[in-house]
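**Student:** coordinates for the following, if possible.
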Amino acid sequence: MAKTLSAVNPIAYDFGETKSATVKVSGNKLNDIPSSFRLVKSEYSFNVPPSDGVRIVTAAEYKQAAACLAEAFSEDDVVRYFVDVPDRKHWNTEEKWALHLEILEYITYAHILKGLVTTIGDFEAVALWMPPGQNMDDYLTIFRSGLWRLNYRLSPEGRVRFFQEFMPLLHDTMHTTLGDRENEAWYLVYIGTRPCGRGKGYARKLIEHVTKVADREGRPTYLESSNIVNVPIYRKFGFEKTRTINLQRGGRNIPLDIMVREPAN
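**Tutor:** Down below sits the predicted model:
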């Protein structure tokens, strides 16, 4: 997740006629990304050309990319931390899944606008990257991506977990871990593989697609792992665990392993 996103108040923008599609799920309307922004191009261009089957996801494909991540992280304690909350116990499985997917659509779209989103196969694996010196914290990106809707879509407990616990913890931890190098690092925010894409080397290709660039530029690469079984896998790519942090509002500690990869000589 990009590091310093904070709760925002509604902002009045005049973009002319802006149509928004809505879909009704179990009595709840889920707002789509405004269609007038759907095909907007990324504002930044990074020297990370497609290679070895890896390609860059376009704004028109954000839903396919988000659906891949939603499936990959369907049972992840950290990703579900804002959905599986006490004040949404009355929601059924379908409603919770819709919110889970919606959150990842906003996050994916924000990374298309300000970062780098890559995929391989038929959206069988997807990676969200934040390049050095970039974030998705500006108001225009928050508005265009739909992230502002989390102020209303998350429950009161979900908002506290997301805006007051999770995001500040990630920001402070990255700053403490990297220090002055924080703005020099490539940040692997999410990488997920659908069950149908596992065992094909897709995660390796998505990671090496950017770590090769990081090596060429002499930059570190940073990630938070929400699954302990992934730590030895990341080590194979040169990442080393530096510390473990915990989310604590769920009644138990939910760990995140912090890992840094130094550029190869």
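**Student:** show me where the stretch 101-250 of the chain has helices.
**Tutor:** Here the stretch 101-250 of the chain has its helices, by DSSP state H, counting those that start in this stretch, at 139-145, 150-153, 156-159, 167-178, 202-217, 231-235.
**Student:** a markdown table for those, including distance to Gly115 and mean pLDDT?
**Tutor:** The C-beta positions use only the backbone N, C-alpha and C, and glycine is treated the same way. What follows is the helices of the stretch 101-250 of the chain, written out as a markdown table (distance: least, Cβ to Cβ, whole Å; pLDDT from 0 to 100):
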| stretch | distance to Gly115 | mean pLDDT |
| --- | --- | --- |
| helix 139-145 | 10 | 94 |
| helix 150-153 | 18 | 96 |
| helix 156-159 | 24 | 98 |
| helix 167-178 | 15 | 96 |
| helix 202-217 | 11 | 96 |
| helix 231-235 | 20 | 96 |
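**Student:** how about those in a markdown table, adding distance to Lys114 and mean neighbour count?
**Tutor:** Formatted as a markdown table, the helices of the stretch 101-250 of the chain follow (distance: least, Cβ to Cβ, whole Å; neighbours: other Cβ atoms under 10 Å):
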| stretch | distance to Lys114 | mean neighbour count |
| --- | --- | --- |
| helix 139-145 | 5 | 19 |
| helix 150-153 | 17 | 16 |
| helix 156-159 | 22 | 16 |
| helix 167-178 | 16 | 17 |
| helix 202-217 | 15 | 19 |
| helix 231-235 | 24 | 15 |
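**Student:** among those helices, which is nearest Val78?
**Tutor:** Distance to Val78, taken as Cβ to Cβ, is lowest for helix 167-178 among the helices of the stretch 101-250 of the chain, at 10.4 Å.
**Student:** just to revisit the earlier point, CSV please, covering the helices of the stretch 101-250 of the chain and showing distance to Asp257.
**Tutor:** CSV is the format used below for the helices of the stretch 101-250 of the chain (distance: least, Cβ to Cβ, whole Å):
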stretch, distance to Asp257
helix 139-145, 27
helix 150-153, 25
helix 156-159, 23
helix 167-178, 11
helix 202-217, 16
helix 231-235, 5
